[in-house]
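J.: I would like to see how this sequence folds:
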Amino acid sequence: MTVIDTTAALYPPVDDCALYPPVDGSAPRPGFHEETFPGHLAARELLLTRGEFELAVLRGLVTTVPAPGGGPRHVTRGELDRLQTTEGFSATLSNRVRLAGTAEAADLLGIAKDRFTRIARAGLLAPARFQLNRYRSVVWLYFADEVREFGAAHPELLVGRAPEAMSRRLRGGEDLRPASWRDRMHQHLLGLAQGPWERAAVTASFLDPADVADVVADPHDRALLNRLRHEPTSGRPGAVPSPGELLAEHMMCAGVPEEIHGYRVLLALAVAVARGEVRTES
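T.: Numbers count the residues shown, from 1 in each chain. Predicted coordinates:
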């Protein structure tokens, strides 16, 4: 069963990082005179590739702020200084965002690929990213250190028979990898949202438009949510989307019944908060 944290719409989560202080990505707007850097320049300053930088932001290792003139988010000079003054910052950051495919993840745990795939399908490890291979099959990638942490925390799942409830669901065809990825992205995007309507729009982004219309009756509210919603594709307006962009759009939409119900509940709550119908505790 997919479990969605129904408090997330009101209180975005914070990652627990020992080497880098916890951040939720929703830092206040930079001061008037504070220098900020777009992502590609911040990545260069941190000796990361652009892909590694995006993963560092996803994990909450790098705090971003709204760009002064709008558009993609920036990183402040102070945040770069904070990271660069940490001992061994480059190697540590690179290690924290290193990805492992199914075969490498299985090797890290000392188990067969099929066993790791079953663990991932059961939703016990959330993918960090996906991509299409040359056969246009979906390839799931995981944070390598999360894989190791899972093995240390759950050695009983690495040997012997899997729990019967888990085996029964897998025999029924359950695959929670897309839902686990969506949950990770939902938490991340909530942390970046500025204000209650943006948080509601984040949740709406994970639902089919028909579900959004069913939950949000007011057409003006729906229009606002549609304007603010997160778009996973980054192609040029009017351009034919690539297979990867089409896949990203498909992956963003909740597909498991329990998952859909959870996002519907979250959306109803978030819209009520945005309209001032529910008072949140400080």
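
J.: how close does residue 273 get to residue 185?
T.: In this view, residue 273 and residue 185 are 21 Å apart by CB to CB, to the nearest Å. Glycine gets a C-beta too; all of them are placed from N, C-alpha and C.

J.: What is the burial count for residue 64?
T.: 24 (other CB atoms under 10 Å).

J.: list the contacts for residue 207?
T.: Residues counted as contacts of residue 207 (CB atoms under 8 Å, 6 or more residues apart in numbering) are 215, 253-254, 260, 263-264, 267.

J.: Read off the pLDDT value for it.
T.: You'll see residue 207 listed with a pLDDT of 96.

J.: Can you list phi and psi of the residue of the chain positioned farthest from its centre for me?
T.: Distance from the C-alpha centroid of the chain peaks at residue 160, with 31.8 Å (CA atoms, centre = their mean). Main-chain dihedrals, residue 160, degrees, to the nearest 10: phi 70, psi -160.

J.: Spatially central residue (nearest the centroid) of the chain, please.
T.: When CA atoms, centre = their mean is applied to the chain, the residue found nearest the centroid is residue 185 (2.0 Å).

J.: Alpha carbons of the helix or strand containing that residue, as CSV, please.
T.: Taking DSSP states H and E as the criterion, residue 185 maps to helix 177-192. Provided in CSV are the C-alpha atoms of helix 177-192 (Å, rounded to 0.1, in the frame of the first residue of the first chain):
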residue,chain,number,x,y,z
ARG,A,177,8.8,2.3,-7.9
PRO,A,178,6.9,5.1,-9.8
ALA,A,179,4.8,5.9,-6.7
SER,A,180,8.0,6.0,-4.6
TRP,A,181,9.7,8.4,-7.0
ARG,A,182,6.6,10.6,-7.1
ASP,A,183,6.5,10.8,-3.3
ARG,A,184,10.1,11.9,-3.3
MET,A,185,9.5,14.5,-5.9
HIS,A,186,6.3,15.7,-4.2
GLN,A,187,8.2,16.2,-0.9
HIS,A,188,11.0,18.1,-2.8
LEU,A,189,8.7,20.4,-4.7
LEU,A,190,6.6,21.2,-1.6
GLY,A,191,9.9,22.4,0.0
LEU,A,192,10.4,24.8,-2.9
